[in-house]
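K.L.:
Sequence and predicted model, in that order:
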Amino acid sequence: MRRRRAERRGIQPDRKHNSEMVGRFVNIVMSQGKKTIAEKIVYGALDLLGQKTQEDSLKAFNKAVENTRPRLEVRPRRVGGATYQIPIEVSTSRGHSLAMRWMRDLAMSKKGKPMVVKLADELLAAYKGEGAAIKKRDETHKMADANKAFMHLRW
């Protein structure tokens with residue numbers, strides 16, 4: 001028998017915007033425990049995003065994450081020796097973390113520019129509803145749509 005589920009610890013809001021979402025994004029961008037470097041990257045990217053959109057950088061960031069957030073995903077489930085991909089609704093917090101991770105990974109995979117610029121470009125594309133992160137979200141939705149027939153196997 002399983003014990004109780006571990007309770008989630010709160011995430012510290014960031015220093016500049018006092019936003020929990022930006023604090024989470026800083027933690028996602030951070031590598032090898034170097035938080036100040038991650039903060040510089042994220043704050044620089046948010047400043048660039050604010051300049052390019054002519055809007056408050058925090059609002060633009062939230063819109064970019066919301067645009068990229070998947071609503072459905074597929075999870076494997078074994079039923080009678082066969083594994084089915086079952087579409088499941090994504091919780092808001094998981095959706096946000098997936099969106100932020102996708103944007104980070106896609107920005108890191110680009111070459112030739114500083115990380116601040118690459119991240120700002122990825123955020124701007126997501127803000128406009130285009131780009132690789134949006135494509136990834138659409139692929140996830142397509143996969144869930146294609147496996148709608150197995151929806152009854154959910155638990």
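P.N.:
Good, I have the coordinates.

K.L.:
what residue lies at the spatial centre of the chain?
P.N.:
residue 99 (1.6 Å; CA atoms, centre = their mean).

K.L.:
Can you show me the strands along this protein?
P.N.:
72-79, 82-89 (DSSP state E).

K.L.:
so where's the chain uncertain?
P.N.:
155 (pLDDT under 70).

K.L.:
Could you pull out the helices in it for me?
P.N.:
Per DSSP state H, the chain carries helices over the ranges 20-29, 35-53, 57-68, 92-109, 115-128, 132-146.

K.L.:
Can you convert those helices into CSV and add a column each for distance to residue 9?
P.N.:
In this view, the C-beta of every residue, glycine as well, is placed from N, C-alpha and C. Converted to CSV, the helices of the chain look like this (distance: least, CB to CB, whole Å):
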stretch, distance to residue 9
helix 20-29, 12
helix 35-53, 16
helix 57-68, 21
helix 92-109, 13
helix 115-128, 26
helix 132-146, 27
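
K.L.:
For residue 83, which of those is the nearest?
P.N.:
helix 132-146 (14.4 Å; CB to CB).

K.L.:
What lies in contact with the closest one?
P.N.:
By CB atoms under 8 Å, 6 or more residues apart in numbering, the surrounding residues in contact with helix 132-146 are 67-74, 85, 87-88, 99, 102-103, 106, 122, 125-126.

K.L.:
neighbours around the closest residue to the residue nearest to the centre of the chain other than its chain neighbours, how many?
P.N.:
Spatial nearest neighbour of residue 99, chain neighbours left out: residue 68 (3.8 Å); criterion: CB to CB, 6 or more residues apart in numbering. Residue 68 is flanked by 27 other residues according to other CB atoms under 10 Å.

K.L.:
now residue 42
P.N.:
Neighbours of residue 42 using other CB under 10 Å come to 28.

K.L.:
Does it touch residue 22 like I think?
P.N.:
Yes: counting by CB atoms under 8 Å, residue 42 sits close enough to residue 22 to count as a contact (6.7 Å).

K.L.:
Common neighbours of those two, please.
P.N.:
In contact with both residue 42 and residue 22: residue 14, using CB under 8 Å, 6+ apart.

K.L.:
now do the same end-to-end measure for stretch 72-92.
P.N.:
Start-to-end span of stretch 72-92 (CA to CA, to the nearest Å) is 11 Å.
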